[in-house]
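[1] compute the structure for the input listed below.
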Amino acid sequence: MEVYVNGTEMTSAAAGLGMDPYDILVPTNRLVAASQPRTVPIARCECGVYGCGSTDVTIRRDGDLVHWDWSIEVPMNRGVSFSAAEYDVEVARVAADHSWETAERTAGRRVLTDMDRDRLRSHGLKPSWVANDYRDHELFRVALQIDGDYQVFVDTLWRGRGPEEVAREVCATLALPPSEWRATWQAIDPTLTKPPKIAGPSWRPARF
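    Presented below is the predicted three-dimensional model:
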């Protein structure tokens with residue numbers, strides 16, 4: 001996701017590469033300006049990893065203006081200010097524009113927006129990423145994490161369906177108790193050799 005200020009693209013001048021829209025706009029639009037300052041990652045290293053190279057902006061609404069202050073790898077030595085009315089319109093437009101999405105990305109956005117995060121959290125699960133399985137694009141995969149101990153993968157077949165239908169099935173599956181899922185797991189901590197405690201009879205070790 002590229003950011004322009006007065007016609008100049010800023011993310012390449014900062015850490016190098018814009019953030020994935022999932023990290024900025026989904027499930028909520030983190031660019032929305034409020035009176036309480038909010039710090040948001042806006043650029044990452046060209047390798048794609050935020051943390052290898054990073055640029056943040058602190059966004060603050062002040063009356064009729066919105067201020068951005070850069071930090072870490074800054075693209076310029078001063079902050080920038082925008083008309084709040086114009087800023088709000090542009091931020092809303094960006095969040096509503098899904099014309100660039102592939103079917104995979106649309107399904108991912110819907111899953112990240114609609115999944116019951118509180119229910120997952122009650123089982124110690126936190127969503128990590130969503131995408132097609134790189135080995136089989138007929139499988140849509142949700143990756144979740146249990147602390148620093150396990151990764152859990154839940155796969156759903158596309159079966160020629162559209163992204164909205166696939167996303168509904170994924171969210172319905174994730175709303176079930178984890179013991180009822182067909183899932184695979186991988187230990188992050190190499191000392192862990194048994195499945196997570198929440199695993200059901202259909203859980204299997206992941207194979208890469």
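
[2] and residue 119, what does it touch?
    The neighbours of residue 119, taking Cβ atoms under 8 Å, 6 or more residues apart in numbering as the test, are 174-175. Bear in mind the C-beta positions are built from the backbone N, C-alpha and C, glycine included.

[3] same thing but 7 Å
    Under the criterion of Cβ atoms under 7 Å, 6 or more residues apart in numbering, the contact partners of residue 119 comprise residue 175.

[4] just to be sure, it is in a helix?
    Yes - when the secondary structure is assigned by DSSP: H, G, I helix; E, B strand; the rest coil, residue 119 falls within a helix.

[5] just the helices from the chain, written as ranges.
    Along the chain, the stretches classed as helices by DSSP state H are 21-25, 84-96, 103-114, 117-122, 163-174.

[6] how about the strands in the chain?
    Counting by DSSP state E, the segments of the chain that form strands are 4-5, 8-9, 17-18, 38-44, 54-62, 65-72, 80-83, 125-133, 136-146, 150-157, 183-187, 204-205.

[7] could I get the ones you listed as JSON lines with mean neighbour count?
    JSON lines is the format used below for the strands of the chain (neighbours: other Cβ atoms under 10 Å):
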{"stretch": "strand 4-5", "mean neighbour count": "12"}
{"stretch": "strand 8-9", "mean neighbour count": "12"}
{"stretch": "strand 17-18", "mean neighbour count": "20"}
{"stretch": "strand 38-44", "mean neighbour count": "20"}
{"stretch": "strand 54-62", "mean neighbour count": "19"}
{"stretch": "strand 65-72", "mean neighbour count": "17"}
{"stretch": "strand 80-83", "mean neighbour count": "15"}
{"stretch": "strand 125-133", "mean neighbour count": "16"}
{"stretch": "strand 136-146", "mean neighbour count": "18"}
{"stretch": "strand 150-157", "mean neighbour count": "19"}
{"stretch": "strand 183-187", "mean neighbour count": "19"}
{"stretch": "strand 204-205", "mean neighbour count": "12"}
